[in-house]
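*Asks:* Predicted model and sequence follow; I will ask about them next.
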Amino acid sequence: MLSAVKALTPRSRSILKSPARNRSRWCVPSVDQVMAEERAAAFARRSVKTSAKLEGLKLVVSMMDLTTLEGSDTPGKIAFLCRKAMQPLDPRYQVPSCAAVCVYPNLVRIAKKFLEHSSVKVASVAAAFPAGLMPTKLKLREVRGAVRDGADEIDMVINRASFLAGEYERVFDEIAATREACGAAHLKVILETGELQTYDNVRLASEIAIRAGADFIKTSTGKISPAATMPVTLVMLETIRDYFYETGSRIGMKPAGGIRTAKEALAYLVMVKETLGDDWLTPALFRFGASTLLNDVLMQLVKLVDANYQSADYFSLP
Amino acid sequence: MPRRKPSTSRLAIVDRNGEADGRPIAKKDRTLDFGERWSYAPAPEASNYIKLHDRYQLFINGRFVAPKSGSYFDSINPATEEKLAEISSANEKDIDLAVKAARRAYKNVWSKMPGRERGKYLFRIARLIQEKARELAVLETMDGGKTIKESRDIDLPLVAAHFFYYAGWADKLEYAFPGRKARPLGVAGQIIPWNFPLLMAAWKLAPALACGNTCVLKPAETTSITALHLAEIFQEAGLPDGVVNIVTGAGETGGGIVNHRDIDKIAFTGSTEVGKRIASAVAGTKKKLTLELGGKAANIIFEDASIDQAVEGIIAGIYFNQGHVCCAGSRLFVQESVFANVIRKLRDRISTLRVGDPLDKNTDIGAINSRAQLEKICELVDSGLKQGAQLVQSRAHLPAKGYWYPPSFFTGVTASHRIAQEEIFGPVLSVMTFRTPEEAIARANNTPYGLSAGVWSDKGSKIFKIVNQLRAGVVWANTYNKFDPSSPFGGYKESGFGREGGRHGLLPYLTLS
């Protein structure tokens, strides 16, 4: 293919390499904004009550990547987070542990120490989180370091600047390289949909990330508003569905940021259930990236079991 | 660790060997499993506070009166087959009383009243409907079998919106048709169907009243109850006696209205068969007529459409209200290049539709309105199978009692199949293919009906080109079954004539000079 391009005149070569052609080579379906938003809103109107709610809330906890990504994070803070992730609530409520904790690379080793003998995984953001603007070489070094320190999962950000400039192959190559650098660790690719803005862009970025080797695709860093939204997540789930139809591989999904209440989380579960079905209703293929969400979920859960609300002071802070 | 150059695999698909456990998933097994790993608990809408009367009388001259006929018939809840109440069967004497009351109210009160005063009554009615919306929605669901989700979120808000909208026109008729004087017609006889009982009542009553006419309304015999609760709202709103009269009964009652000598206008929504009979009965009389009849709408999906959203449009088009929709997108035309993809997605999508108790807030498909309608659906599906089409049906579990039909679609349908020609009026879709835009237009127009159509394409210029060649009263682009009181609705050919909704909706109830 490349040698064929070399044989052409400079003009036709530039046409072949132009971003427009580049985009059309990624033959991705378009997304209709109005209908996508309408569909996403319909999931939130499902009524999830009593036993379904209790079961759903426990599932949400088990899918949670309990996250702290502040400049002020210290080993002390990580201790709080890890303990909370391992045992979110008094054992009599039979609440599962969270799926993972998500921290900056420099704290992976600390987190790993706390979580070594638990089922909770350590996820690390990487690849110059949150902007993704460092040279690829440095990003890969950061990823390898985090994996070496014990990270089970790597949450990388894509280079949105490259994406919006139409350099899709560069985005693709960077993800593919990170995939290699991850080794056995799982790779989640953060699209930062708040910066991509259109659903067509979200669809294309999802497609690139999946084909370049993502195990999960993830909406946001949590540093940009809007973060995860229902329609954006729906568009990503639809990409996952099409990829499954085509190849038989199941890619995971992680909405992150902006999901703060149990009610919203249940609406996401409804969306997964009715878009991808039962196979995706597992922490292996669906995660929530959140921090404040956990205690709201626990509060609703306790209310269902004990039939009365407790104030926030009865729920330990992560 | 050795430094490696970033992969330049470009468009290569990363080999994942299918599943995490290493076993690739064979092509035939790549199906989504919409099972019960996490299932919704029952979420029934409360209905214990609803006060149903044992017997519903006729509403004539502002009062509820026993029918002169002395006869009553049962109204059944189609989801349980239980009797809800007894409904009066109006005979010719009752109809005559209703028309006389309407005539008196027209002469003495309503036609003389300034438009802004009429408007006040309509605004009051609209507000009362909003106040009682939940109760009316539950009643609508119990009486007709439609899901509470739809009666609550679609029917009732639209009912109130229609009264609000036409209330606004009542004092602006002279601006609606500049330079011309608009006068009411007199007494309107209005016969409505069972698929949207309250909404059709609103479509008929609101513009007629806004224009200064008085009405004799006949709801469908299987869904009379909510119209009579609407009558209670008219009483509460202080609407002058006789301005709206409601007579209940079956086809003969409707015939009595059509043939009554002192009615100035007939408005009918229902089947094409009955519409034709009405048209011939009214021919040669002074009566004005509007008909909103059946349909066999084409929903056209081009290869450049947003497929996932178009599939939602198919669902909204045919499974909305159990397919009991005259403008349902019952003929689906899919461009051949995307046919397999659309069908796979549609097959998965219908297995997520929840069929069952219409009062459950999570139900997507409610009960079929009546046994007769269920039999008609079954008969047409049988004909489709006999004529060699392939049926795809959701495996939804159907309740033991009540009238139900699972969401279904036929592939392998051609224009010569009965299921491609006749209105099924149920949750059954006929899927056909086309190759070029010209073929799509020709096939879409190849029907005696012409009520509605849908077009799905990401290309705006194509949409404009196509919609202008479709002979249908309403054409939706990249959406389906969207209604608004300000938007006119009506058909071509055997789908009837006259428009309801919008400024156009005033015309059938006025004479202009």
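*Replies:* Everything's here; your move.

*Asks:* can you map out the strands along the stretch 1-150 of chain A?
*Replies:* Along the stretch 1-150 of chain A, counting by DSSP state E, counting those that start in this stretch, strands occupy A:64-67, A:100-103, A:121-126.

*Asks:* ok, for the closest residue to chain B within the stretch 201-318 of chain A, nearest residue in space, not its chain neighbours?
*Replies:* Proximity of the stretch 201-318 of chain A to chain B (Cβ to the nearest Cβ) peaks at residue A:248, 3.4 Å away. Backbone N, C-alpha and C define where each C-beta goes, glycine included. Closest residue to residue A:248 apart from its sequence neighbours, by Cβ to Cβ, 6 or more residues apart in numbering or on different chains: residue B:25 at 3.4 Å.

*Asks:* quick one: pLDDT of the one you found?
*Replies:* pLDDT, residue B:25: 78.

*Asks:* any weak-confidence spans in chain B?
*Replies:* B:1-24 (pLDDT under 70).

*Asks:* Please tell me I have it right and the residue of the stretch 201-318 of chain A closest to chain B contacts residue B:32.
*Replies:* No. The pair residue A:248 / residue B:32 is not scored as a contact, 11.9 Å apart, by Cβ atoms under 8 Å.

*Asks:* out of those two, which sits in the busier spot?
*Replies:* Legend: neighbour count by other Cβ atoms under 10 Å in any protein chain shown for residue A:248 and residue B:32, higher for residue B:32 (22 against 18).

*Asks:* The spatially closest residue to the more buried one that is not a sequence neighbour: neighbour count?
*Replies:* The shortest distance from residue B:32 to any non-neighbouring residue, by Cβ to Cβ, 6+ apart, is to residue A:277 (3.9 Å). Other residues lying near residue A:277 total 20 when counted by other Cβ under 10 Å.

*Asks:* And residue B:488, by the same measure?
*Replies:* Using other Cβ under 10 Å: residue B:488 sits among 17 other residues.

*Asks:* And for residue B:504?
*Replies:* Around residue B:504 there are 16 residues (other Cβ under 10 Å).

*Asks:* Can you tell me how far it is from residue A:78?
*Replies:* 67 Å (Cβ to Cβ, to the nearest Å).

*Asks:* biggest helix in chain A by residues?
*Replies:* If you go by DSSP state H, chain A has its longest helix at helix A:230-247.

*Asks:* And it, what's buried?
*Replies:* Across helix A:230-247, burial judged by 16 or more other Cβ atoms under 10 Å in any protein chain shown covers A:230-245, A:247.

*Asks:* Report the mean per-residue pLDDT for it.
*Replies:* Mean predicted confidence for helix A:230-247 is 97.

*Asks:* how about the strands in the stretch 401-513 of chain B?
*Replies:* So, for the stretch 401-513 of chain B - with DSSP E, counting those that start in this stretch - the strands run B:408-411, B:428-434, B:452-456, B:474-477, B:496-497, B:510-512.

*Asks:* Check the stretch 51-200 of chain B too.
*Replies:* Ranges of strands in the stretch 51-200 of chain B, per DSSP E, counting those that start in this stretch, are B:55-56, B:58-60, B:63-65, B:72-77, B:82-88, B:182-184, B:187-191.

*Asks:* Would you pull up the residue in the stretch 401-513 of chain B closest to chain A?
*Replies:* Going by Cβ to the nearest Cβ, chain A is nearest to residue B:458 of the stretch 401-513 of chain B, at 4.4 Å.

*Asks:* residues touching that residue, list them.
*Replies:* A:30, A:32, B:304-306 (Cβ atoms under 8 Å, 6 or more residues apart in numbering or on different chains).

*Asks:* For the helix or strand residue B:379 falls within, name the packing helices and strands.
*Replies:* Assigned by DSSP states H and E, residue B:379 belongs to helix B:371-386. Applying 3 or more Cβ pairs under 8 Å, 6 or more residues apart in numbering or on different chains; DSSP states H and E, one finds that helix B:371-386 contacts strand B:390-393, helix B:418-421, strand B:428-434.

*Asks:* Measure how it sits relative to strand B:428-434, angle-wise.
*Replies:* 40 degrees (axes from the mean of the first three to the mean of the last three Cα atoms, to 10 degrees).

*Asks:* Restrict helix B:371-386 to CA atoms and write it as PDB.
*Replies:* This file holds the C-alpha atoms of helix B:371-386, laid out as PDB (Å, rounded to 0.1, in the frame of the first residue of the first chain):
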ATOM      1  CA  ARG B 371     -60.200 -10.500  20.900                       C
ATOM      2  CA  ALA B 372     -61.500  -9.500  17.500                       C
ATOM      3  CA  GLN B 373     -58.400  -7.500  16.800                       C
ATOM      4  CA  LEU B 374     -56.100 -10.300  18.000                       C
ATOM      5  CA  GLU B 375     -57.900 -12.700  15.600                       C
ATOM      6  CA  LYS B 376     -57.400 -10.300  12.800                       C
ATOM      7  CA  ILE B 377     -53.700 -10.100  13.500                       C
ATOM      8  CA  CYS B 378     -53.400 -13.900  13.700                       C
ATOM      9  CA  GLU B 379     -55.300 -14.300  10.500                       C
ATOM     10  CA  LEU B 380     -53.000 -11.900   8.600                       C
ATOM     11  CA  VAL B 381     -49.800 -13.500  10.100                       C
ATOM     12  CA  ASP B 382     -51.100 -16.900   9.000                       C
ATOM     13  CA  SER B 383     -51.600 -15.600   5.500                       C
ATOM     14  CA  GLY B 384     -48.000 -14.300   5.600                       C
ATOM     15  CA  LEU B 385     -46.700 -17.700   6.500                       C
ATOM     16  CA  LYS B 386     -48.900 -19.400   3.900                       C
END
